[in-house]
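Peer 1: Give me coordinates for this.
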Amino acid sequence: MLNTLEIVPKQWEKILSLPKNMFGDVYLAFIPGDPIEKIISSCENLINKGFSVVPHVPARNFKNLKELEFFLLELNKLNVKKILAIGGSSNQKNTVFNSTYEIFQTDIFEDLGFEQINIAGHPEGNLYDSESDLNLLKKLDWLVRKNFKCNIITQWTFNSNQTNEWIEKIKKEISNISINSEIHLGIAGPAKFTTLLNYAKVCGVSASSIIAKNKGLGLTKLIRHNPKDIINAANGYDNLHFFPFGGINELVNWKRTI
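Peer 2: Numbering: from 1, shown residues only. Predicted coordinates:
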């Protein structure tokens, strides 16, 4: 199984020259503030270039039900079959939807042509949801009952022990709901640790485990993060999902060395 890759819309042209068979599905992030049309056009461009695109559907990004419907209908027109449903940034104000499950309850998805709706997992906890594991099971149960395929895509992590324990626990818990759902482990690509700290703030990731790995070092002197350290210590996952925070080329070059 090919590893998956997550990019933002402005990076779509940078992956056109990716080596074949290095990555499979390309997840397209929907950052708060990005126009819906920008996400749709990026999806279309990538699909026209032969990529299998999995756009994010972040509940808190939508101002109203009509906007959510428009986005999903446009993805349907592009024949998108897989999406990643997430809560999204908690910084959005006056939102109609505050969680992934709330957009599921609209029943919009049942009338569209999506075959697979993936959801997010948070091995180190979710700063915006104190019951993220319970809510994961709730979402998975809904999706399975509605006959959608579903994999769990985790947020990127630096705490291997905590992550391994989480994977073992979640696999046991989801076995009563679905025997086909996989766990794809989020991995930050090679990047400066200072860069990762900045992304941690944006992504809602706890920076404590990143800082702990560099205890005693001045942040200005930190070496680059090597994903291999996390991957070698992780177990129980079904696939790897890469976040190229240090850049697409850096990730490609690193993957060629392993």
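Peer 1: so who does residue 89 touch?
Peer 2: By C-beta atoms under 8 Å, 6 or more residues apart in numbering, the contact set of residue 89 is 32, 58, 60, 61, 204. Where C-beta positions appear, they are placed from N, C-alpha and C, glycine not excepted.
Peer 1: Give me the subset of those residues that lies in strands.
Peer 2: Among the contacts of residue 89, DSSP state E puts residue 58 in strands.
Peer 1: ok, which pair from the contacts of residue 89 is furthest apart?
Peer 2: Largest separation among the contacts of residue 89 by C-beta to C-beta: 61 and 204, giving 13.9 Å.
Peer 1: Compare the two and say which is more crowded by neighbours.
Peer 2: The residue with more neighbours, out of residue 61 and residue 204, is residue 61; 24 against 18, by other C-beta atoms under 10 Å.
Peer 1: Could you pull up the contacting residues of the closest residue to the more buried one other than its chain neighbours?
Peer 2: Counting by C-beta to C-beta, 6 or more residues apart in numbering, residue 88 is the residue found nearest to residue 61 once chain neighbours are left out, at 5.1 Å. Contacts for residue 88 (C-beta under 8 Å, 6+ apart) come out as 30, 32, 56, 58, 59, 60, 61.
Peer 1: Next, give phi and psi for residue 41.
Peer 2: With angles defined as degrees, to the nearest 10, residue 41 sits at phi -70, psi -40.
Peer 1: Assess the claim that residue 243 and residue 156 are in contact.
Peer 2: Yes: taking C-beta atoms under 8 Å as the definition, residue 243 is a contact partner of residue 156 at 5.2 Å.
Peer 1: what touches both of those two?
Peer 2: Common neighbours of residue 243 and residue 156, counting by C-beta under 8 Å, 6+ apart, are 186, 187, 188.
Peer 1: which element is the residue nearest to the spatial centre of the chain on?
Peer 2: What sits nearest the mean C-alpha location of the chain, by C-alpha atoms, centre = their mean, is residue 153, with 5.5 Å. Using DSSP states H and E, residue 153 sits in strand 152-154.
Peer 1: on contacts alone, who are the packing partners of the helix or strand just after that strand?
Peer 2: As assigned by DSSP H and E, the chain's next helix or strand after strand 152-154 is helix 160-174. In terms of contacts (3 or more C-beta pairs under 8 Å, 6 or more residues apart in numbering; DSSP states H and E), helix 160-174 is packed against helix 132-145, strand 152-154, strand 183-188, helix 227-233.
Peer 1: JSON lines for these, including distance to residue 165 and mean pLDDT?
Peer 2: Below are those laid out as JSON lines (distance: least, C-beta to C-beta, whole Å; pLDDT from 0 to 100):
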{"stretch": "helix 132-145", "distance to residue 165": "12", "mean pLDDT": "97"}
{"stretch": "strand 152-154", "distance to residue 165": "13", "mean pLDDT": "97"}
{"stretch": "strand 183-188", "distance to residue 165": "13", "mean pLDDT": "96"}
{"stretch": "helix 227-233", "distance to residue 165": "12", "mean pLDDT": "92"}
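Peer 1: Kind regards, and thank you for your time.
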